[in-house]
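Chemist: What follows is a protein structure lacking sequence information:
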């Protein structure tokens, strides 16, 4: 198992492919598994590895809460995809052990013909599978994100702040419900829901666009992130 060297391009590519249909390294909430993998990175993945970058920015928002996340941190090699070569080697070893009981080949020519037939059948099935796969509609990966947008002080015009946020129009972004949540000393933050297409919009893009309204916005945090 494992991603390999997460400071290398190859390791980051494996991580990106692993997170293509997952929000977290393990389970459905951030955990010590995410912390272990996050700490192994040299920094943010490049923009073209958008699944890994999305995950990185989300886990980064928990940076001050790392120690309180659930789970027990395991060695890095315990996380990630199953190493297909290992399982193949194990199967090959078992097959070899079985073959050791048969020292005499009485049906060599027949087996050769069967192998050719099996190869032909396998290739036909692979061709059928690829044909069916190519006809399936492409699923669009989407995520539901809850954002906390914090103003500078209690004198900030929150109606204008929300207007600025909703003025952000991106392909793959849909704004949802919102509310003002008290944070203390008369200050309220804007909590707003949005749905994004993962391939088009990441939390880093949202943060860049929202914090650009610097007259109203002090900061933006991800309060919740769920794949749809």
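Modeler: Now that the structure is in, tell me what you want to look at. Model, not experiment: these values are computed from the prediction. Numbering: from 1, shown residues only.

Chemist: now the helices: where do they sit in the protein?
Modeler: 9-18, 32-39, 50-60, 84-99, 108-135, 158-166, 203-211 (DSSP state H).

Chemist: Buried deepest among those helices, which one?
Modeler: Counting by mean count of other CB atoms under 10 Å, helix 50-60 has the highest mean neighbour count of those, with a mean of 22. C-beta here means a position set from N, CA and C on the backbone, and glycine is covered the same way.

Chemist: Identify all contacting residues around it.
Modeler: 12, 15-17, 19-20, 23-24, 30, 34-35, 38, 41, 44-47, 143, 198-199, 202-204, 207, 222, 225 (CB atoms under 8 Å, 6 or more residues apart in numbering).

Chemist: Quick one: mean pLDDT over it.
Modeler: For helix 50-60, mean pLDDT is 92.

Chemist: Number of residues surrounding the closest residue to residue 187 other than its chain neighbours?
Modeler: Spatial nearest neighbour of residue 187, chain neighbours left out: residue 154 (4.8 Å); criterion: CB to CB, 6 or more residues apart in numbering. If you count neighbours by other CB atoms under 10 Å, residue 154 ends up with 12.

Chemist: now residue 6
Modeler: 21.

Chemist: show me what contacts the residue lying closest to it once chain neighbours are set aside?
Modeler: The spatial neighbour of residue 6 that comes closest, neighbours along the chain excluded (CB to CB, 6+ apart), is residue 40 at 4.4 Å. Contacts for residue 40 were tallied using CB under 8 Å, 6+ apart; they are 3, 6-7, 76.

Chemist: Can you tell me which of those lies closest to residue 63?
Modeler: Nearest to residue 63 among these, counting by CB to CB, is residue 6 at 17.2 Å.

Chemist: How much space separates residue 124 from residue 130?
Modeler: Per CB to CB, to the nearest Å, residue 124 is found 11 Å from residue 130.

Chemist: Oops, could you answer that again for residue 76 instead?
Modeler: For residue 76, the distance to residue 130 - CB to CB - is 35 Å.

Chemist: next one: residue 43
Modeler: 38 Å.

Chemist: before we move on, what about residue 206?
Modeler: For residue 206, the distance to residue 130 - CB to CB - is 37 Å.

Chemist: Can you list the low-confidence ranges for this structure?
Modeler: Within the chain, the ranges that satisfy pLDDT under 70 run 1, 83-114, 134-138.

Chemist: cutoff 50 now
Modeler: 84-92, 101-102, 104, 106-108 (pLDDT under 50).

Chemist: Could you work out the end-to-end span of stretch 196-203 for me?
Modeler: 9 Å (CA to CA, to the nearest Å).

Chemist: Buried residues, that stretch. List them.
Modeler: For stretch 196-203, a neighbour-count test (16 or more other CB atoms under 10 Å) marks 196-198, 201-203 as buried.

Chemist: Show me the contact partners of that stretch.
Modeler: Contacts for stretch 196-203 (CB under 8 Å, 6+ apart): 50-51, 53-54, 57-58, 61, 140-143, 145, 170-174, 206, 222, 225, 227.

Chemist: how far does it sit from the chain's center?
Modeler: In terms of CA atoms, centre = their mean, to the nearest Å, the centre of stretch 196-203 is set 11 Å apart from its chain centre.
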